[in-house]
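Novice: Have a look; sequence and predicted model below, questions after that.
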Amino acid sequence: MFAIGRLHKETFTCRQRYPCLKRHTLYVLSKDIFRQTKPDEKATSINEHRPKAHLAHLEWTPTRLLEWAAEVGPFTAQLADLFQTNMPHPEMGYRACMGLRSLAKKFTPERLEAAATRAMRLGIHLYSSVRLMLEHEIDRLPLKEEVAERPAVEHDNIRGAEYFDGGPDDVESCS
């Protein structure tokens, strides 16, 4: 490009209007400034241009995440399935499952399964709760077993319903 006159270089950062743009160098001549127009077509991503971390992230499909969770344990698989099916948006479930993967790396898969067991038995279906269980080592505490109802004890000194005004069928005595 040929120009007559005083040419100087300006560097600026444009993030407000086009967040995908980082730094640009413009050559300014008088008042004419080069402008990049917004393309009419949708943005596309070429896999060769993506960072390695982003490529690795793309390899984890929802089905593969469920298979990975099943390898960790049955309760982790149930929790991952709940994340994927019960979240308001599919991306939220995907991110929660990816979070389980990172918890398995940070802690051990055995501890993740113990936390998932506790979460499923307590009816807790939140990623943040599982993370807190692992961080505060609650997964290492013994899980209380559900106590089965015992039958009523039969004994001579135990007064039954008949002792109290005829029992539960006697409505007049309660009013």
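Specialist: Thanks, I have it.

Novice: where does the chain have low pLDDT?
Specialist: 1-44, 146-148, 160, 165-175 (pLDDT under 70).

Novice: in it, which spans are strands?
Specialist: Secondary structure of the chain (DSSP state E): strands at 7-13, 23-29.

Novice: Near A152, how many other residues are there?
Specialist: Applying other CB atoms under 10 Å, we find 8 residues neighbouring A152. Where C-beta positions appear, they are placed from N, C-alpha and C, glycine not excepted.

Novice: Give me the longest helix you can find in this protein.
Specialist: In the chain, taking DSSP state H as the definition, the longest helix is helix 90-106.

Novice: Show me which positions of it end up buried.
Specialist: 93-94, 96-97, 100-101, 103-104 (16 or more other CB atoms under 10 Å).

Novice: again with stretch 71-91
Specialist: Going by neighbour count (16+ other CB under 10 Å), the buried part of stretch 71-91 is 72-73, 75-84, 87.

Novice: Could you dump these into JSON lines with distance to E137 added?
Specialist: What follows is these, written out as JSON lines (distance: CB to CB, whole Å):
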{"residue": "V72", "distance to E137": "18"}
{"residue": "G73", "distance to E137": "18"}
{"residue": "F75", "distance to E137": "18"}
{"residue": "T76", "distance to E137": "18"}
{"residue": "A77", "distance to E137": "23"}
{"residue": "Q78", "distance to E137": "22"}
{"residue": "L79", "distance to E137": "19"}
{"residue": "A80", "distance to E137": "22"}
{"residue": "D81", "distance to E137": "26"}
{"residue": "L82", "distance to E137": "23"}
{"residue": "F83", "distance to E137": "23"}
{"residue": "Q84", "distance to E137": "27"}
{"residue": "M87", "distance to E137": "27"}
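
Novice: related to what we said a few turns ago, how about the buried residues of helix 90-106 in CSV, adding distance to D139?
Specialist: What follows is these, written out as CSV (distance: CB to CB, whole Å):
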residue, distance to D139
G93, 22
Y94, 24
A96, 17
C97, 18
L100, 13
R101, 17
L103, 10
A104, 12
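
Novice: Out of those, which comes closest to L126?
Specialist: Set against L126, the nearest of the buried residues of helix 90-106 by CB to CB is A96 (8.3 Å).

Novice: before we move on, the earlier item: most widely separated two among the buried residues of stretch 71-91?
Specialist: G73 and M87 (21.1 Å).

Novice: quick one: terminal-to-terminal distance for stretch 81-97?
Specialist: Terminal residues of stretch 81-97 lie 9 Å apart, using CA to CA, to the nearest Å.
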